[in-house]
Structure formats: C-alpha cells, structure tokens
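the following comprises the amino acid sequence and a computationally predicted model.
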Amino acid sequence: MMEGRWRSPLDALPDPRPGDLDAPFWQGCERHRLLFPRCSGTRRWLHPSLPLAGPEEGDVEWVEASGPALVFTHARVWYAAHESVTTALPYDVVVVRFPSCGDVRLLSNLIGCETEAVPIESPVRLVWGRTEGGRYVPRFALRRSSP
C-alpha cells in the first residue's frame, strides 16, 4: 500500500489511547504498517477494536493491509467536535474499506480533499499523520488517476 506524509491541523488532536484490544494496531502504526486482526481459525477479518476471536475459534494474527483501499462513505465536518480541531474546519471524515482484507472498514480522515462530493468507491492511498504527542495515525488521500 502506498504511503505518504502529510501535516494537517488534525495533528493537534489528542493522542489515541491504545487498549488491550487494539495495542497491536497502534504498534503497527508506529512502524508505518497498517495492521488488521484476523482469526487464524475462521480467517475472518476484524476491526482493530472489536472483541477478538475466542479460543474455540483460533488465535488472532495481525496482518498488514494490502490491495486497494476504497471510500465506503465520506462527510465534511463543519463544526468542531473537539476544541483542538477548530483551526482545521472544515475537515473530512472517511470510512475506508479494504476488499482484500474481508472488507474490514476503518474510520479516518481524508486529507487534501478539494471537493465535498467524494464518490463512493473512490480509491485512496494511505498517508501517515503524526499527532502533537508523536503518535502516528493512518489518514487517507484520494488517489489521483494518471493522465
């Protein structure tokens, strides 16, 4: 998956607080690897913060995302949900789906978006943001088609 680096006013958001369920996700982010959990027994992909497979289903493995990343839904935010993003208004929120990872979806930001109308299924690329506290967070930008 292609990566880039982008500074954004959204970098002022407070750092995420990893818990037991999503610690491997955030550890992967620190290495610029987007990881999703998958049950090794059922081969079912899971969102990083959902309850993971039980012992009867098999162990969970954390697998790096590959293949295309596509817009599932998108919204432009005009009102600050947190005081730290006031200077970023408006900003774009996106749910990205990963077809090669069982269609698992990830809520993130769409950066560098020049239009409010983003077609569903638009391809996006991974761009690593960094919070003021130094934590890497996955963000996305529209993938531009070649002329």
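Yes, it's here. Keep in mind that what you see is a predicted model, and the values were worked out from it rather than measured. Residues are numbered from 1 along each chain as shown.

enumerate every residue touching residue 78.
Going by Cβ atoms under 8 Å, 6 or more residues apart in numbering, residue 78 touches 89-90. (Glycine included, C-beta is placed from N, CA and C.)

would you list the phi and psi of it?
Dihedral pair for residue 78: phi -110, psi -10, per degrees, to the nearest 10.

what stretches of the chain score poorly on pLDDT?
1-11, 49-58, 145-147 (pLDDT under 70).

which residues in it form strands?
Here the chain has its strands, by DSSP state E, at 35-39, 60-64, 69-77, 91-98, 104-110, 123-130, 136-142.

any idea which of those gets closest to residue 47?
Distance to residue 47, taken as Cβ to Cβ, is lowest for strand 104-110 among the strands of the chain, at 6.0 Å.

returning to what we had before: so can I have CSV of the strands of the chain showing mean neighbour count and distance to residue 13?
Compiled in CSV, those are given as follows (neighbours: other Cβ atoms under 10 Å; distance: least, Cβ to Cβ, whole Å):
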stretch, mean neighbour count, distance to residue 13
strand 35-39, 21, 21
strand 60-64, 15, 24
strand 69-77, 18, 12
strand 91-98, 20, 10
strand 104-110, 19, 9
strand 123-130, 19, 9
strand 136-142, 22, 8
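
could you export those as CSV, including distance to residue 45?
Compiled in CSV, the strands of the chain are given as follows (distance: least, Cβ to Cβ, whole Å):
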stretch, distance to residue 45
strand 35-39, 5
strand 60-64, 8
strand 69-77, 14
strand 91-98, 8
strand 104-110, 4
strand 123-130, 17
strand 136-142, 16
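
of all those, which one is nearest residue 19?
Comparing the strands of the chain by Cβ to Cβ, strand 35-39 comes nearest, at 13.3 Å.
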